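# what follows is a predicted protein model with its sequence.
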Amino acid sequence: MFDFIYISLIAFSIICGLIFTKKSSHIAYKLFLFFLCVTFFNEVVCYFLKSRMHTIIFYNIYYYFRFPFLAVVFQTIFSTKNKFINYFIKSFYFISVILFFTCYYLYNGLYKQVHTIYLLIGGVFVIINCLLLFYQSVKDEEIISPFAFPFFICSMALFFYFLVILPFFGIINFLARSETLFSKNPSLVAKIISTIFYSLISIDYYLQWKRMRSQY
């Protein structure tokens, strides 16, 4: 039941994106809408798959899509004059390729185990990008409120999601030994956090549309 709610929220965020994304919307929102569609497709496929092996394959492939694509999204937001951020983001593309082959070798392919090393590094990468975006939004003197900065709330959602989910993956083996609800369904925490995540994204799509209307 909770899986259905979780997937429905992804669909709802996509609908919000389709309704509130216009030609004048920042390109980050348009790219992120494509990202949401891929996420929705992956979650639906994994929901109907019965084989755990096939589910792991889909999630590993999705992770190697997710983090480089989020890097592209962040790159459209940051000023091109900031060489440090540009080099930082571009270097992650090369790191992703190296980690793919490294993790592929360590975990014997894509189907034996989730590539947690890449998941951890990718999560930290997103958190750093969110912090850089928060700094840039506050530093920009033309912005009265950081919430008016493009992609700010979506970045908040990404920041808190990975800030909570990464430590959870660190203690998941400990939880597996206990007789708790989370030990029986460890993905439950991730899905609860994701419901908040996709709700904030839907709100941001609406607010960016409202900002554009007020400018006309």
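Yep, it's here. Residues are numbered from 1 along each chain as shown.

# any low-confidence regions in this structure?
Within the chain, the stretches with pLDDT under 70 are 1, 50-53, 79-81, 140-144, 169-187, 215-216.

# please, where are all the helices along it?
Assigned by DSSP state H, the chain shows helices spanning 2-20, 27-48, 52-77, 83-106, 116-139, 152-170, 172-176, 181-184, 187-215.

# got the contact list for the most centrally placed residue in the chain?
In the chain, the centroid-proximal residue (Cα atoms, centre = their mean) is Leu158; its distance is 5.6 Å. By Cβ atoms under 8 Å, 6 or more residues apart in numbering, Leu158 lies in contact with 70, 126-127, 130, 197. C-beta coordinates here come from the backbone N, C-alpha and C atoms, glycine included.

# can you add neighbour count and distance to Ser145 and give the residues you listed back as JSON lines?
Below are the contacts of Leu158 laid out as JSON lines (neighbours: other Cβ atoms under 10 Å; distance: Cβ to Cβ, whole Å):
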{"residue": "Leu70", "neighbour count": "21", "distance to Ser145": "24"}
{"residue": "Val126", "neighbour count": "24", "distance to Ser145": "23"}
{"residue": "Ile127", "neighbour count": "17", "distance to Ser145": "23"}
{"residue": "Cys130", "neighbour count": "24", "distance to Ser145": "17"}
{"residue": "Phe197", "neighbour count": "23", "distance to Ser145": "22"}
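
# now these in JSON lines, with distance to Tyr6?
Output for the contacts of Leu158, formatted as JSON lines (distance: Cβ to Cβ, whole Å):
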{"residue": "Leu70", "distance to Tyr6": "20"}
{"residue": "Val126", "distance to Tyr6": "20"}
{"residue": "Ile127", "distance to Tyr6": "22"}
{"residue": "Cys130", "distance to Tyr6": "22"}
{"residue": "Phe197", "distance to Tyr6": "10"}
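
# nearest to Leu110 among those?
Leu70 (20.1 Å; Cβ to Cβ).

# is it true that that closest one touches Val126?
Yes. Counting by Cβ atoms under 8 Å, Val126 is a contact partner of Leu70 at 5.8 Å.
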